[in-house]
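Trainee: just coords:
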């Protein structure tokens, strides 16, 4: 039984999330469907190229799980095709900055990465007086 304090995710909200996720996956010949929603836990299935992709854990943690967790009522996201530990998935999401990856009603924000992360921070700015030292 679902209480008013913990509503199940609305189908419309889940479909809105999928409308953001699926075009990104289809760009790599993949796809995703929602297999089930039970007690706020969404189970997803990957299809086509995603099904056998070695980066499925990264896609799941960095895109799919992070976006679906932003839907009201979603308490968790699972996929039987992802064989990484919860800790590994959390580390992937943290590395990718997935918690701020998407905000409803706005275009997706991409985390900004330095062009050359091995350089000192001073070398990554336009105000470097002597570019030859970097």
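Mentor: Cool, the structure landed. Remember, it's a predicted structure, so these values are computed and weren't measured experimentally.
Trainee: out of the helices and strands in the protein, which is least certain?
Mentor: Ranked by mean pLDDT, DSSP states H and E, the weakest helix or strand in the chain is helix 86-96, scoring a mean of 89.
Trainee: which parts of it are buried?
Mentor: Within helix 86-96, the residues scored as buried using 16 or more other CB atoms under 10 Å are 89, 92-93, 96. The C-beta positions use only the backbone N, C-alpha and C, and glycine is treated the same way.
Trainee: low pLDDT regions in this structure?
Mentor: Judged against pLDDT under 70, the low-scoring parts of the chain cover residues 1-6, 98-134.
Trainee: check contacts around residue 58.
Mentor: Contacts for residue 58 (CB atoms under 8 Å, 6 or more residues apart in numbering) come out as 92, 96.
Trainee: secondary structure element holding it?
Mentor: helix 56-59 (DSSP states H and E).
Trainee: helix or strand right after that helix?
Mentor: As assigned by DSSP H and E, the chain's next helix or strand after helix 56-59 is helix 66-68.
Trainee: that following helix packs against which elements?
Mentor: helix 11-26 (3 or more CB pairs under 8 Å, 6 or more residues apart in numbering; DSSP states H and E).
Trainee: packing partners of the helix or strand following the helix it packs on?
Mentor: Next along the chain after helix 11-26, taking DSSP H and E as the criterion, comes strand 30-38. Contact here means 3+ CB pairs under 8 Å, 6+ apart; on that basis strand 30-38 packs against helix 11-26, strand 41-48.
Trainee: switch to 10 Å and redo it
Mentor: Here strand 30-38 is seen to pack against helix 11-26, strand 41-48, helix 56-59, strand 76-78 when contacts are counted using 3 or more CB pairs under 10 Å, 6 or more residues apart in numbering; DSSP states H and E.
Trainee: I'd like these laid out as JSON lines, including distance to residue 67.
Mentor: Shown next, in JSON lines, are the helices and strands packed on strand 30-38 (distance: least, CB to CB, whole Å):
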{"stretch": "helix 11-26", "distance to residue 67": "5"}
{"stretch": "strand 41-48", "distance to residue 67": "11"}
{"stretch": "helix 56-59", "distance to residue 67": "11"}
{"stretch": "strand 76-78", "distance to residue 67": "9"}
